[in-house]
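Enquirer: When you get a sec, could you give me coordinates for this:
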Amino acid sequence: MLKVKKLILGEGIPKIALPVMVTDASETAARCEEAVKAGADLIELRADSLNLMDSPALLGACREAAGELPILFTVRTAAEGGHFTGDEDAYASAVLEAMRSGLVDLIDVEHRHPRSQGILDAASAASFPVVLSFHSFSSTPGREELLKTLREMELRGAGVAKIACMPASDADVYTMIAVSAEAKKALGIPYLVIGMGEKGKVTRISAESYGSAMTFGCFPHEASAPGQIEITSLMETLRKLHGVYEKRKEAPCIFLTGFMGTGKSTVARAIGRSSGQRVIEMDEEIVRRAGKSIPAIFAEAGESGFRDMETELLVELYKEEGAVVSCGGGAVLREENRAIMRALGKVILLSAAPETLFDRLSRSPIERPNLKGRMSVEGISELMAIRLPAYEAAADIRIATDGLSVSEIVGRAWSEATAGRA
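Expert: Prediction:
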């Protein structure tokens, strides 16, 4: 967590920063007053087009207008979607002068700017919080690269780490959500991972579920970045979802994973009956949405297309107060899926011996595309061995179902999933 004035980043509802674009000196302070009235948690003073340090009185007027609201001072270069055209030294000078003025509370520093380390060193010496920012308008880097960037920001001394990317596909959005979810455990500082544009809006409103401490709103029709949501609408959505998040703390989402035939569906329905939570049978839900059977989906879209549908369904669960999800046998194969599940609740791995599974599956009328041509104890053992590392990587709780009744499995699953909760 980071405390700036009375604001605590990393606690409660994600905080909304409202950008004030500095283009007309005569209107700047008035716009800060409007940001306060709009309900912003902090003001981002965008000084790309007007060097506020040329007019200390103007910066002082902005400080007075902001009152107790923290001011984040940002000079965004053209390379990162802004309007600043000065050289490297001019950039560093503008940011450092704002910091030393005593009139702002945080400064934004571009992570890869050539002068960033000098600015960070000066800020560290002054115990002044820095938002380190990375933007990518042309693509979304891979999961490992984004996680590495967040870790680098923390190691360099960021008070807040910020990543904003332009997704070209739904898969890019899922990558960013997974990165945010993983950062919950990997980082010791507040952070935000934002997808820009229309596709990325879900990353802004699901921020609390997936760990982002902040997001950016805008005045009506005045977005400073693609995909920003009008502040009133954003505030209402975040408050509503905070209620969902608080209820989920009391009764978490429970994800039942494991190989085909381990009893996920049976156990999910039993937990749902006893807890009153909604039960989601992942395969059935995908079939319903697609309007076709799983073998048909595999035939038309391949396994990767089917896995995309699983990820999409998991991402949408940030809206659920709590649910019991019977996952498809291969849902945990994607690292993104595992991160999303862990962010939303507890992952329970059900297991059974290959012989037990062969007996159950050979009597089932359900067609299993991944067991086609290898429906035998040996074939099941081989596929289980391939999937075991992913199952183990996802699991919070492990239950061997051989010899246990459904009620025994349910009792243990619920007890362990809710341990330590109110």
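Enquirer: residues touching Glu34, list them.
Expert: Phe219 (C-beta atoms under 8 Å, 6 or more residues apart in numbering). C-beta: built from backbone N, CA, C; applies to glycine.
Enquirer: Equivalent analysis for Leu238, please.
Expert: 13-14, 16, 205, 207-208, 215.
Enquirer: Where does it fall, secondary structure wise?
Expert: helix 231-250 (DSSP states H and E).
Enquirer: Show me how far that helix is from its chain's centre.
Expert: With C-alpha atoms, centre = their mean, to the nearest Å as the basis, helix 231-250 stands 15 Å off its chain's centre.
Enquirer: Stretch 242-257 spans what distance, first to last residue?
Expert: End-to-end distance of stretch 242-257: 27 Å, with C-alpha to C-alpha, to the nearest Å as the criterion.
Enquirer: hmm, I was thinking of stretch 211-231
Expert: 20 Å.
Enquirer: what's the average pLDDT for that stretch?
Expert: Averaged across stretch 211-231, the pLDDT comes to 87.
Enquirer: try stretch 110-118
Expert: In the prediction, stretch 110-118 has an average pLDDT of 95.
Enquirer: can I get the CA coordinates of that stretch in PDB?
Expert: Coordinates of each C-alpha in stretch 110-118 appear next as PDB, following Å, rounded to 0.1, in the frame of the first residue of the first chain:
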ATOM      1  CA  GLU A 110       8.300   6.900 -18.200                       C
ATOM      2  CA  HIS A 111      10.000   3.600 -17.300                       C
ATOM      3  CA  ARG A 112      12.200   3.500 -20.400                       C
ATOM      4  CA  HIS A 113      13.000   7.200 -20.700                       C
ATOM      5  CA  PRO A 114      16.800   7.800 -20.800                       C
ATOM      6  CA  ARG A 115      16.600  10.200 -17.900                       C
ATOM      7  CA  SER A 116      14.300   8.000 -15.800                       C
ATOM      8  CA  GLN A 117      17.000   6.700 -13.400                       C
ATOM      9  CA  GLY A 118      18.300  10.200 -12.500                       C
END
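Enquirer: residues in contact with it?
Expert: 76-77, 79-80, 88-89, 91-92, 109, 119, 132-135, 149, 152-153, 156.
Enquirer: now swap in stretch 385-395 and tell me
Expert: 257-259, 329-330, 332-333, 335, 337-338, 341-342, 347-349, 351.
Enquirer: Recalculate using a threshold of 7 Å.
Expert: 257-259, 330, 332-333, 338, 341, 347, 349 (C-beta atoms under 7 Å, 6 or more residues apart in numbering).
Enquirer: related to what we said a few turns ago, the helix holding Leu238: which residues count as buried?
Expert: Of all the residues in helix 231-250, those buried under the rule 16 or more other C-beta atoms under 10 Å are 231, 234-235, 238, 241, 245, 248.
Enquirer: Just send those residues back as CSV, with distance to Val279 too.
Expert: Listed next are those as CSV, based on distance: C-beta to C-beta, whole Å:
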residue, distance to Val279
Ile231, 37
Leu234, 31
Met235, 32
Leu238, 27
Leu241, 22
Tyr245, 20
Arg248, 15
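Enquirer: Lowest pLDDT pick from the residues you listed?
Expert: Among those, Arg248 has the weakest pLDDT, 85.
Enquirer: give me the number of residues near the closest residue to that residue other than its chain neighbours?
Expert: Nearest residue to Arg248 in three dimensions, chain neighbours excluded: Gly322, at 5.1 Å (C-beta to C-beta, 6 or more residues apart in numbering). Gly322 has 20 neighbouring residues, counting by other C-beta atoms under 10 Å.
Enquirer: Can you point out the buried residues in the helix or strand hosting Lys185?
Expert: Under the criterion of DSSP H and E, Lys185 resides in helix 170-186. Using 16+ other C-beta under 10 Å as the test for burial, helix 170-186 gives 172-183.
Enquirer: hang on, the earlier thing: so of the contacts of stretch 385-395, which ones are in helices?
Expert: When the contacts of stretch 385-395 are checked against helices (DSSP state H), the matches are 338, 341.
Enquirer: Which ones among the contacts of stretch 385-395 lie within strands?
Expert: In this view, those that belong to strands under DSSP state E are 257, 347, 349.
Enquirer: centre of the chain versus the helix or strand following the helix holding Lys185, how much separation?
Expert: From helix 170-186 onward toward the C-terminus, using DSSP H and E, the following helix or strand is strand 191-195. How far strand 191-195 lies from its chain's middle: 7 Å, per C-alpha atoms, centre = their mean.
Enquirer: Let me know the secondary structure of the residue lying closest to Ser206 once chain neighbours are set aside.
Expert: Leaving out its chain neighbours, the residue that sits closest to Ser206 by C-beta to C-beta, 6+ apart is Tyr318, at 4.2 Å. Here Tyr318 is recorded as helix under DSSP: H, G, I helix; E, B strand; the rest coil.
Enquirer: Looks like Tyr318 contacts Ala207 (just checking).
Expert: No. The criterion here is C-beta atoms under 7 Å, and Tyr318 misses it with Ala207 at 9.2 Å.
Enquirer: Give the residue from those two that has the larger number of neighbours.
Expert: Applying other C-beta under 10 Å to Tyr318 and Ala207 shows that Ala207 carries more neighbours, namely 26 against 23.
Enquirer: do you know how far the residue nearest to the more buried one when sequence neighbours are not counted is from Ile386?
Expert: Once flanking residues are discounted, Ala207 sits nearest to Pro14: 4.1 Å by C-beta to C-beta, 6+ apart. Separation of Pro14 from Ile386 (C-beta to C-beta, to the nearest Å): 39 Å.
Enquirer: residues contacting Leu192?
Expert: So Leu192 contacts 162, 207, 212-215 (C-beta under 7 Å, 6+ apart).
Enquirer: hmm, try it at 10 Å
Expert: The neighbourhood of Leu192, defined by C-beta atoms under 10 Å, 6 or more residues apart in numbering, consists of 9, 14-15, 17, 131, 133, 160-164, 180, 183, 203-204, 207, 211-216.
Enquirer: quick one, longest helix in the protein?
Expert: Max-length helix for the chain by DSSP H is helix 294-315.
Enquirer: In terms of helices and strands, where is Phe255?
Expert: Using DSSP H and E, Phe255 falls in strand 253-257.
Enquirer: scratch that, Glu44
Expert: Residue-wise, Glu44 maps onto strand 42-46 under DSSP H and E.
Enquirer: quick one on the thing from earlier: the residue nearest to Ser206 and Met341 touch, don't they?
Expert: No. With contact defined as C-beta atoms under 10 Å, Tyr318 does not reach Met341; the gap is 11.8 Å.
Enquirer: Pull up the overlap in contacts between these two.
Expert: Joint contacts of Tyr318 and Met341 (C-beta under 10 Å, 6+ apart) are 181, 253.
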